[in-house]
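Chemist: Here's my sequence, what's the structure:
(chains A and B)
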Amino acid sequence: MTENSAPSGVGRREFLKILGAGSAATAAIGCSSDRVERLIPYLTQPDETVPGVSNYYASTCRECSVGCGVLLETRDGRTFKLEGNPDHPLNRGALCARGQASVQGLYNPDRYRGPMIRKNGKLTPATWTEALQLMGQKLGEAQSSGGAGNAVFINKHESGSFPAFLDRWLADFGMPAHLSYDALADHAVIAANRQSYGVAWPSLSFSAAKLIVSIGADFLETWGASVPQQLDFADARAKLEDAPRFVYIGPRRSLTGCNADQWVACKPGSELAIARALAGGSVQSAADASGVPAATLEALQRELGATKPSLVLAGSSGAGSMELALAVNELNKQLGNVGTTVLTDQPITSLEGIATDADINAAVEKMRAGQVPFLMVRGVNPAFTMPRAAKVADALAKVPFKVSFSSYPDETSELCDLVLPDHHPIESWGDAQPMNDVISLQQPGMDPVYDTRQTADVLIDLAKGNQRTAARYTAQNYMRWLIDNFPGGTTAFTAGLQKGIGSGSIARPAARPASTGAPQAPAIEGTNGDFYLVVYPSPTLGDGSGANKPWLQELPDPVTKICWQTWIEINQQTARKLGIDSGDVLQIKTEQGELKAPAYVYMGIQENTVAVAFGQGHSAYGRYAMGVGLNPGDVLPVGFDAASGSFAWTATKVQLTKVNEFTPLVTTEGSARQHGRGIARSVPVEELPHLEMEQEEHDMPGKPDQSYLPGLRSRMAADAMGEIGDSPSRVQKGMYDPEHWSQMAKRRWAMTIDLARCTGCSACVTACYAENNLPTVGAPYQMVHTAFLHGVPGGNILKGREMNWIRLERYWEGGEDGGEFEPRFVPMLCQHCGNAPCEPVCPVYATYHSPDGLNVQVYNRCVGTRYCSNNCPYKVRYFNWFGYGEPARPQYAWPERMSWQLNPDVTVRGKGVMEKCTFCVQRIREAEHRAKAEGREVRPNEFTTSCAQACPSRAIIFGDAADEEWSVARMAQDRRAYHVFHEQLNTYPAVVYLQKVTHPAPKAAAGA
Amino acid sequence: MTVRRKWAVIPGLFALGAVAVLLSAYQGATSRPDTIITEKGSWGYSAASSPQGRSPEQPIHFPHPTHVQTLGMNCLYCHYAANKSTDPGLPAVSTCMGCHLVIGPKRPAMNGRPAFESAEITKLQKYWNEKKPIPWVRIHHVPDYVNFPHMTHVNAGVTCQTCHGQVQKMTQVYQYASLNMGWCINCHVGNVNPAWKARYDCSVCHY
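Modeler: All right, here's what the predicted structure looks like:
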């Protein structure tokens, strides 16, 4: 790039030349990829790659402990999307929102770029040589001083080979076995299951049950193996007449509770009494303790006795959780459910071997006492997940040397002396054992993004560098070690990698004795205050580890529809009495602290209870998490269910006061009521046999017995296409003519959404963000130049600028005056109307109906008048108010390396452009191109949209409604089918909803 | 009067402008460019297609004629993905070196041409020895909102030369076609070759 230097002076032309070359050089060096038009070839082409064609690497999701199988979609060396592995026996192709968002952890702009060493009180970047030298030296000191025996290693719980490998490594250095931490695990239920069945987590067969009773077990959220449980639950509900009735008992109607046919509100702490009453104990004493009418409990007791098989589940909350879990296990045995709906012979093995909360607390107490000379933490964040009252930071300050293997600057790693950042799971080798005889393999999808190293490799290097241990570590790295120790050796490993699954079992580390002497939480009744406080893990953010992923922050809570915020849920009747409205700031106070947050008035919470979600309120953890929301852990006492070592999340009452302030709720909800518009419909099961298809036959898309012209079916619209008139044959219909040579009008892309299956989990929403390059708009840094909202998390969402092409609407039916109410979920996306209100109002023909039935948005035609959005009755069009894709703008949605996640098949929309669901047109075209290249037609169900692919309920089906071979064509003719707004507005949507089916309490029992 | 006359010119200018735009849109459909714009540096990000006739200087002066005409190599030998991917593929440096390990910079006298030392092969070997990819300058650029699948075109029998011109004769490659939408559509409706006509709905390319 050097220019021949001008001999004397620089002429104008020379100057311009040099300027041009110079700026090109700067651009090339600066690597701002979208400015440089360079074509950089491979140095050596990897064998299995074709540029522009995705490779899929089968791996394992590590976001929670369960270990679902995933496919890492990788192109040109970058993994940009995670999809469930269809061959995996656990999740059968489905993936939850947290799993989808894993890729935002990989490219997170706030990750550690390399190792860090604390110098003069500050963590400063260092080289791996320096960092490993320091680590080796400290390990040597710990060995020689004898301090190694008191070292502590807290690891993120995982199944597979690593725990045993780690324990062996620790033993070689004279250190005790590690603590496998999972703040979300239900330790009481695990302990009870071990006692009752000998396994930590039996798999649950919802589809075999006729009645499901859950006492606070949120099996669709964080309780156990949520994705497989949701798959089975949805399958069960899809059996319609034969589906189980589902009763949820608990102080708060969670997302799982919202999927129940009946919610029984009870006081926190009274769950055990209810479980005993259901098992045949005294109904009256349970009614007194719980505030549930005795008649309800009696009816339930009778129903449970009469309905076989059933399934009773319990979720732990506070003191006495173990007793509750044991009582429920006993009840299941008594009802004969074990072996039918509780499958103890098919356990979810990935939940074995988790250290209890009390174990972690005991370790922290040891640190506080100054007995721990050496602490290592990997993948977990106890300084955040343990309540503030546990004073983890103070305890850590007593440890002379602390090492973090965290990839992110979280609350714990910021307190450490040395950070040896771990690879993201997408960059790592590993394995998991989610089920007996199933090994789920984990392989990297790409080279590391930053200068990180896999912890297992670091441990091997350290052992090699130590005289005493060197001889025992001959494997080149952890991958080699895995292969050498894999059942069946290299052949089995290589074969397994293709599908991501191997068979065999991996030795688990020896069970460690549970710690004793954890402080027993007092019964909640005895605590001071006027309201019970329920703290529940956020279904979207989990234990708070999801908070640095903007997709999860922007994903509204499935129940309240609030994002980027912490709120206090309070009962509707109570709020009315106290004069509280949604958004009024409430203060809750305990001896441990106080918390001020806006109220969310909710029908689904017991009248003397307030609830706060856990997961927000980080003081570190990057730009998306820090300073967003509040941490309810700040007001919780340190108390445990001593029998199981489970932390008591629901442990205390609080003083509630209304503060004279108002904070608007960051919600994506328009109205919580349907106002009789029939958006989300349901039908009681007894009316199902009388149900007939509501629409006239010809209205259903793709009805095969008619001459077929997709969309534009109304008389008016048809005329616009020249169907009516003097001589229609002479009118040029172009590709809209079914006989046109392009055959484009042959297909009609359509979708069915089965509301009997949909649980409202919102995995589809995140899947859409991942596939379609949707910008997130709510980060604090994206809200600028606006008075009162500057830097406010979710500020842009308060202004209605969210960009969720598919959103999960949640409506309440009934319950205005405190009675029973029915929640309904309905995924709302562009309906691809055949007679679309948005199309005729576009002045520049940027939106129109394509011959194959898509409502197309042409970005390059759009001039941003927004008439289409104004005219859309479904409100599914989203406008780019800012240049979210322009790095120089403050609203830039993909700061450095987030942009690596962008799907190369989808345009990043510019400022001033309208956008909306495209039915994943890039996937349609890709399938068509592939079919054409292979000289065939697109095969039925050959591909699907991103939302349908991810859905852990299998509620969404996409395809060609004009071809009977596609599932969607059959589903669209279901008796439960209906269109939203079609009757009123004549829109002819291509999205068909199937009514939800409710299962009311049996008549006889209800009357009693 | 004069004032009025001046104003009357404006619609005329508009009409002229419109004709010019229309003409320019279809210009590329018919003929090769009149001018070859040799330029250094790179074509920056733009919402428009790169201009016709563009011929940026490349880091290595790769002679297509030598490889294609003299040696008879097929386009797909190097642009190996053009018939199986949206992306035509660019040869890896190792592909070049597959031959140029043997064919070094010292070229013997051949066919009446004296022996000489090739500066370009020297550059190539330097890149290879330093393990650096060659930073080719992109010539053909279509905006982000256009999806152009190479394989569908190649498999339909559209020759490389149809869009890229006689690359086998170009000592320095230039952009032969205008790459604007009128040029695309002209072929899609079957004006260039009726056998090549294809769907021309917006959503076929724009998404």
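
Chemist: For the stretch 701-850 of chain A, what lies in contact range of chain B?
Modeler: A:735, A:741-742, A:744, A:848, A:850 (Cβ under 8 Å from any Cβ of the partner chain). Using the backbone N, CA and C atoms, a C-beta is placed for each residue, glycine as well.

Chemist: mind listing which of those are in strands?
Modeler: Counting by DSSP state E, the part of those found in strands is A:Tyr848.

Chemist: Using CSV, please lay out the residues of the stretch 701-850 of chain A next to chain B together with distance to A:Ser953.
Modeler: Listed next are those as CSV, based on distance: Cβ to Cβ, whole Å:
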residue, distance to A:Ser953
A:Met735, 36
A:Trp741, 41
A:Ser742, 37
A:Met744, 33
A:Tyr848, 33
A:Ser850, 29
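
Chemist: Any of the residues of the stretch 701-850 of chain A next to chain B buried? List them.
Modeler: Neighbour-count burial within those applies to A:735, A:742, A:744, A:848, A:850; the criterion is 16 or more other Cβ atoms under 10 Å in any protein chain shown.

Chemist: show me what contacts the residue of chain A found nearest chain B?
Modeler: Across chain A, the shortest distance to chain B (Cβ to the nearest Cβ) belongs to A:Gly52, at 3.1 Å. Contact analysis of A:Gly52 by Cβ atoms under 8 Å, 6 or more residues apart in numbering or on different chains lists A:75-76, A:904, B:81, B:85-87, B:89.

Chemist: what does A:Leu691 give?
Modeler: A:Leu691 neighbours (Cβ under 8 Å, 6+ apart): A:683, A:975-976, A:995.

Chemist: Show the model's pLDDT score for it.
Modeler: pLDDT for A:Leu691: 84.

Chemist: so how far is A:His982 from it?
Modeler: To A:His982, A:Leu691 is 17 Å away according to Cβ to Cβ, to the nearest Å.

Chemist: now, which of the contacts of A:Leu691 lie within strands?
Modeler: Cross-referencing the contacts of A:Leu691 against strands under DSSP E gives A:Val683.

Chemist: re earlier: tabulate the buried ones among the residues of the stretch 701-850 of chain A next to chain B (JSON lines), appending pLDDT.
Modeler: JSON lines is the format used below for those (pLDDT from 0 to 100):
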{"residue": "A:Met735", "pLDDT": "81"}
{"residue": "A:Ser742", "pLDDT": "87"}
{"residue": "A:Met744", "pLDDT": "86"}
{"residue": "A:Tyr848", "pLDDT": "90"}
{"residue": "A:Ser850", "pLDDT": "88"}
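
Chemist: before we move on, back to that, now compare the residues of the stretch 701-850 of chain A next to chain B and name the two farthest from each other.
Modeler: A:Trp741 and A:Tyr848 (20.6 Å; Cβ to Cβ).

Chemist: where exactly do the helices run in chain B?
Modeler: Along chain B, the segments classed as helices by DSSP state H run B:2-30, B:64-65, B:75-78, B:93-100, B:119-129, B:150-155, B:160-164, B:181-188, B:202-205.

Chemist: what does the stretch 701-850 of chain A give?
Modeler: A:715-720, A:763-772, A:795-798 (DSSP state H, counting those that start in this stretch).

Chemist: Does A:Glu569 belong to a helix, a strand or coil?
Modeler: When classified by DSSP: H, G, I helix; E, B strand; the rest coil, A:Glu569 comes out as strand.

Chemist: Who does it form a beta bridge with?
Modeler: Per DSSP bridges, the residues bridged to A:Glu569 are A:Tyr600, A:Ala611.

Chemist: That one - how many residues pack around it?
Modeler: 25 (other Cβ atoms under 10 Å in any protein chain shown).

Chemist: how about the residue of chain B found nearest chain A, what does it touch?
Modeler: Here the residue of chain B nearest chain A is B:Asp87; by Cβ to the nearest Cβ that distance is 3.1 Å. With contact set as Cβ under 8 Å, 6+ apart, B:Asp87 has these partners: A:50-53, B:81, B:150.

Chemist: Might you list the low-confidence residue ranges for the chain?
Modeler: Using chain A here. Along chain A, the model assigns pLDDT under 70 to residues A:1-36, A:693-732, A:1004-1008.

Chemist: you looked at the wrong chain, it should be chain B
Modeler: For chain B, applying pLDDT under 70 flags the ranges B:1-47.

Chemist: ok but A:Trp481 is inside a helix, no?
Modeler: Yes. Counting by three-state DSSP, A:Trp481 is located in a helix.

Chemist: ok, it - how many residues close by?
Modeler: Neighbours of A:Trp481 using other Cβ under 10 Å come to 19.

Chemist: A:Ala511 too?
Modeler: 10.

Chemist: Test my guess that it contacts A:Thr356.
Modeler: No. Under the criterion of Cβ atoms under 8 Å, A:Ala511 lies out of contact with A:Thr356, with a separation of 11.9 Å.

Chemist: mind listing what residue 149 touches?
Modeler: Let's take chain A. A:174-176.

Chemist: if you could check chain B rather than the one you did, that'd help
Modeler: So B:Pro149 contacts A:925, A:929, B:85-86 (Cβ under 8 Å, 6+ apart).

Chemist: try it again with 10 Å
Modeler: The contact partners of B:Pro149, by Cβ atoms under 10 Å, 6 or more residues apart in numbering or on different chains, come to A:52, A:925-926, A:928-930, A:932-933, B:85-87, B:155, B:204-205.
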